[in-house]
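**Student:** Take a look and give me a structure for this.
(2 chains)
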Amino acid sequence: MRTHIGDFFELLQRYQAQTGVRIPMLQPLETPAHTPNSAPEVHGTTVIALKFKGGVLNVGDRRATAANAVMYDRADKIVPLDDYTLIAIAGAYGRAMEVVRYLRHAFKYYARSQLQPMSLDGKLQEVSRVLSANLPNALGGIGLFVPILSVYDPDQDRGRIFFFDISGARFETPEYGAAGSGAERIRGVFDYITKTKGAFSERPLEEVLREAILLLDIAADLDAATGGIDKVLPTARYATREGVFEVPEETIRAIVQSIRTGGNA
Amino acid sequence: MLTPYDFQENLQQRAQYIRNRLRAGSPVIGISYDNGIMLLSFKRRGRKVFEIYDRLMFSAIGNQADVENLRLAAIDFSHQEGFVRSPDDVTIQRVVGFALSPALKKAFGDPLTAPFVVRALFAELHDTPEHDLFYTLNYDGEFLPYERFAVIGGTANAEEQATRYLEANLSGVPTFESSVPVALTAWGIAYEAAQLEEADGVSEEAGRRRLRELLAEGQLEVGILERHTLRENRFRLVPHEQIEPFLQRL
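**Tutor:** Okay, here's the model as predicted:
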């Protein structure tokens, strides 16, 4: 008799063994050795996670690039995984979206089969696991991506932000997190804001949303791969005690306009 | 004296054994309403209504271990398919008809395996109530689709009586508020009819009285899939405070 432990990875492995259907998620991507990389992968660029009073906010630009080409300007890099969890993705878009699909199923599969939600620690462990499984790809130069996991923690009644390195190591950050090519350029600005205006986690959502969009604008100025806020509006989602929500387009458009007209509300 | 193995007799005995055990089960009433779809039942202990997938839920009567096995098989299949193909390809008719029914049929017909003691009701949410679907699944693998509402109960007679009541009392597309009282009475009728041998025409009042009496021993469980929601999960169990006012008026 099989003990059901709600492990989605195990379910997929069993499915693969039984049917012979190859699941890309479970294989390293194969690149022939010594061939020049003639078809560069599509990459997502800048995502930002900021805490606010009562939750955590994620904002991302919409650009996806392949080498110097802009491949897509409607990429959505911020995805809800369940009612309390958001994942923001920077890096190889294809692999990252596959992993997002996997994680959504893994969390729900556990909750539905085991009749209790997966613990926060369990979810972080699951993210680490897929990242370490992806390590051979990342070292081979394809399929490299870094996620930021933002959760509302009902036990502690606050938002929490975790970032990861490519081997799956996990780190918790006290106030903010950012990933992608534009993130490194603006790192100092986060500190400047917290030191002059106070901790993000103590400020209301509206204020923090404006800061996030401004930060994204600066990142786009300094990084050619970041899409910015004008041509296509960025996406913003947040997690609170009530669940995961998307910030309406009108709200974002109003903030972008006020930034452009020099308003500093 | 050694009697030759009689296939038909064997099946009849098995069916009789299962039907006897199902008789005491707590019926389940499914109703599709404007903002969602519900499964309502009464439980003494433990859970009764379960989420299977994004737009799929289920409840069953029968042996607890068999119900659990059926639930997990449905969840395994749905998640496997939802990931390998798409969540849009996980449909009630694929889950019930292809993933579960053949296994039940096989266990029922095989004299060397214990048959599933189970009768299940699945509910699938669509964008409009007209497209919502219910499937019943029987211990022998037989399954049937229903629209608008569906019932499973301890006996076929109990199901018929509750169905007649639902047919007469649900018109058009109901709301959650108008569905719950009808579902409660239908539950009472189905339960009462299954307990009494040869009971024909259990009255509404008899059904409600039986449910009122039982409330001392357990509570109602109502699982819903919400048609319009901002939440990531459409499934939730309706909190007891929200059911209580309906029970006061019972």
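
**Student:** C-alpha only now, for contacts and for neighbours.
**Tutor:** Will do.

**Student:** Kindly report the residues of chain A close to chain B.
**Tutor:** Within chain A, the residues that sit near chain B (CA under 8 Å from any CA of the partner chain) are A:11-12, A:15, A:23, A:80-83, A:101-102, A:105, A:109, A:112-113, A:243-245.

**Student:** Among those residues, name the ones in strands.
**Tutor:** The subset of the residues of chain A next to chain B located in strands under the criterion DSSP state E comprises A:Pro80, A:Leu81, A:Asp82, A:Gly243, A:Val244, A:Phe245.

**Student:** Dump those into CSV; add neighbour count and pLDDT as well.
**Tutor:** Formatted as CSV, those follow (neighbours: other CA atoms under 10 Å in any protein chain shown; pLDDT from 0 to 100):
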residue, neighbour count, pLDDT
A:Pro80, 24, 94
A:Leu81, 23, 93
A:Asp82, 21, 90
A:Gly243, 19, 90
A:Val244, 25, 93
A:Phe245, 19, 93
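
**Student:** which one of these sits closest to A:Arg237?
**Tutor:** Nearest to A:Arg237 out of these is A:Phe245 (CA to CA; 5.6 Å).

**Student:** quick one: contacts for that closest one?
**Tutor:** Going by CA atoms under 8 Å, 6 or more residues apart in numbering or on different chains, A:Phe245 touches A:Arg237, A:Tyr238, A:Ala239, B:Leu230, B:Arg231.

**Student:** closest to A:Pro117 among the residues you listed?
**Tutor:** Using CA to CA, these come closest to A:Pro117 at B:Arg231, 15.2 Å.

**Student:** Can you tell me which residue is spatially central in chain A?
**Tutor:** Centroid-nearest residue in chain A: A:Ala88, 1.1 Å away (criterion: CA atoms, centre = their mean).

**Student:** what do you get for chain B?
**Tutor:** By CA atoms, centre = their mean, the most central residue of chain B is B:Leu121, 3.1 Å off.

**Student:** That residue contacts B:Thr136, doesn't it?
**Tutor:** Yes: the criterion here is CA atoms under 8 Å, and B:Leu121 meets it with B:Thr136 at 4.5 Å.

**Student:** First residue to last residue on stretch B:112-124, what's the distance there?
**Tutor:** Distance between the two ends of stretch B:112-124: 34 Å, counting by CA to CA, to the nearest Å.

**Student:** and the strand or helix carrying B:Ile37, which strands flank it?
**Tutor:** Secondary structure assignment for B:Ile37, by DSSP states H and E: strand B:36-43. As defined by DSSP bridges, the strand partners of strand B:36-43 come to strand B:28-33 (antiparallel), strand B:219-226 (antiparallel).

**Student:** and of the ones you listed, who's closest to B:Ala190?
**Tutor:** strand B:28-33 (8.8 Å).

**Student:** Can you list the buried residues in the closest one?
**Tutor:** B:Val28, B:Ile29, B:Gly30, B:Ile31, B:Ser32, B:Tyr33 (16 or more other CA atoms under 10 Å in any protein chain shown).

**Student:** Return the distance of the last one relative to B:Ala183.
**Tutor:** So that's B:Tyr33. Relative to B:Ala183, and taking CA to CA, B:Tyr33 is found at 12 Å.

**Student:** cool, the fifth one as well?
**Tutor:** From B:Ser32 across to B:Ala183, the span is 11 Å (CA to CA).

**Student:** cool, and A:Ala169?
**Tutor:** A:Ala169 sits 52 Å away from B:Ala183, going by CA to CA.
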